[in-house]
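Peer 1: Everything below, folded, please.
(one chain, ligands or ions: 1)
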Amino acid sequence: MWQAQVFTLYPEVFPGPLSKGLYGKALSNNLWKLKVVNIRDAADDKHKTVDDTPYGGGSGMLLKADVLAKSLDENKNESERILYLSPKGKKFDQNLAKELANEKSLSLICGHFEGVDERILSTRNIEEISIGDYVLSGGESAAYVVIDSILRLLPGVLGNENSKLDETFENGLLEYPQYTKPQIWEEKAVPDVLLSGDHNKIKHWRLSQSEAITRVRRPDLWENSNYQLQLCAWQLFLHIFQQ
Ligand code: SAH
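Peer 2: Numbers count the residues shown, from 1 in each chain. Sure thing, here's the model as predicted:
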């Protein structure tokens with residue numbers, strides 16, 4: 001069973017959104033497990049101090065390395081990967097989600113204030129991971145994001161396993177537009193092709209929509225997509241073949 005351990009100063013916010021719907025059901029069916037550790041429990045002094053001012057000056061407070069280390073050492077599983085959610089980190093993406101879904105367990109540290117004492121990262125072999133180029137007030141919502149993206153990849157958690165294969169990023173493309181009833185809504189009709197019943201035609205239409213959307217919205221994805229490389233190789237092959 002895949003397990004997440006979250007180190008936080010606000011344990012009461014978990015499982016939060018992860019307790020709803022299919023994830024909640026999967027949690028009670030033991031398809032995944034969540035352990036929430038209150039970092040403050042590792043503070044030794046009578047005020048339970050977890051933070052202090054930065055050396056060299058500057059605004060804000062930092063999570064203390066000694067407190068965080070004690071919390072990690074007492075609670076983390078042997079040889080599991082530890083992520084510190086941080087805007088300075090490597091950008092989180094679908095490939096990393098897949099990688100982490102294949103591990104047995106994962107620890108996530110939610111920072112607060114100005115962040116953490118840098119020394120904790122190297123001494124505990126911690127990977128810094130960012131969910132995007134913006135700054136949050138704390139790592140909890142970033143932890144939801146990371147865990148959410150992993151849970152949907154775990155076997156049995158989502159009802160329909162096939163739904164994952166069609167999804168945005170799966171083939172290096174963004175997903176095509178989708179429609180449901182009513183067929184005409186506010187004078188806008190669903191594209192005819194989707195009503196044709198011709199599965200081949202629908203497949204082609206969806207692929208061309210995916211390509212067009214990816215090119216316009218995410219030229220970076222389009223440039224790097226395997227799909228694009230495969231297309232080039234295929235065109236080259238046809239070109240040589242026709243010579
Ligand atoms: N002073 C830091 C920002 C700290 S923000 C800096 O400039 O780099 C406070 C906490 O919010 C961080 O410790 C981190 O856990 C979380 N956080 C903020 N932005 C994040 C992001 N983009 N991705 C992941 N975690 C983030």
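Peer 1: Phi and psi next, for residue 103.
Peer 2: Main-chain dihedrals, residue 103, degrees, to the nearest 10: phi -80, psi 170.
Peer 1: again, but for residue 204
Peer 2: Phi and psi for residue 204, reported as degrees, to the nearest 10, are phi -70, psi -40.
Peer 1: Can you tell me how far it is from the ligand?
Peer 2: To the ligand, residue 204 is 38 Å away according to CB to the nearest ligand atom, to the nearest Å. All C-beta atoms are positioned from the backbone trio N, CA, C, and that covers glycine.
Peer 1: neighbours of that residue, just the number please.
Peer 2: Per other CB atoms under 10 Å, the neighbour tally for residue 204 reads 12.
Peer 1: what do you get for residue 170?
Peer 2: 11.
Peer 1: ok, now which ones touch it?
Peer 2: Going by CB atoms under 8 Å, 6 or more residues apart in numbering, residue 170 touches 94, 164.
Peer 1: And what about it, helix, strand or coil?
Peer 2: Put simply, residue 170 is coil when judged by DSSP: H, G, I helix; E, B strand; the rest coil.
Peer 1: try residue 6
Peer 2: Three-state call for residue 6 (three-state DSSP): strand.
Peer 1: my read: it touches residue 34, true?
Peer 2: Yes: counting by CB atoms under 8 Å, residue 6 touches residue 34, with 7.0 Å between them.
Peer 1: In the longest strand anywhere in the chain, which residues are buried?
Peer 2: When the chain is parsed with DSSP state E, its longest strand is strand 81-91. For strand 81-91, a neighbour-count test (16 or more other CB atoms under 10 Å) marks 81-87, 89 as buried.
Peer 1: Would you mind checking the average pLDDT for it?
Peer 2: The pLDDT scores in strand 81-91 average 98.
Peer 1: More neighbours: which of residue 6 and residue 34?
Peer 2: residue 6 (28 against 16).
Peer 1: got the contact list for the residue in the chain positioned nearest to the ligand?
Peer 2: Residue nearest to the ligand within the chain (CB to the nearest ligand atom): residue 111, separated by 2.1 Å. Shown in contact with residue 111 (CB under 8 Å, 6+ apart): 63, 84-86, 138-139.
Peer 1: ok, and of those, which contact the ligand?
Peer 2: Contacts with the ligand within those, as defined by CB under 6 Å from any ligand atom: 85-86, 138-139.
Peer 1: Strands of this protein, start to end?
Peer 2: 2-8, 32-38, 51-52, 62-63, 81-91, 105-110, 126-130, 184-185, 188-189.
Peer 1: Those residues of this protein touching the ligand, which are they?
Peer 2: So far as CB under 6 Å from any ligand atom goes, the chain lies against the ligand at 85-88, 110-112, 114-115, 130-132, 134-139, 142.
Peer 1: are any of those buried, and which?
Peer 2: Burial of the residues of the chain next to the ligand was assessed by neighbour count (16+ other CB under 10 Å); the buried members are 85-87, 110-112, 115, 130-131, 136, 138-139, 142.
Peer 1: Turn the ones next to the ligand among the contacts of residue 111 into TSV, columns for distance to residue 182.
Peer 2: Shown next, in TSV, are those (distance: CB to CB, whole Å):
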residue	distance to residue 182
85	42
86	46
138	42
139	42
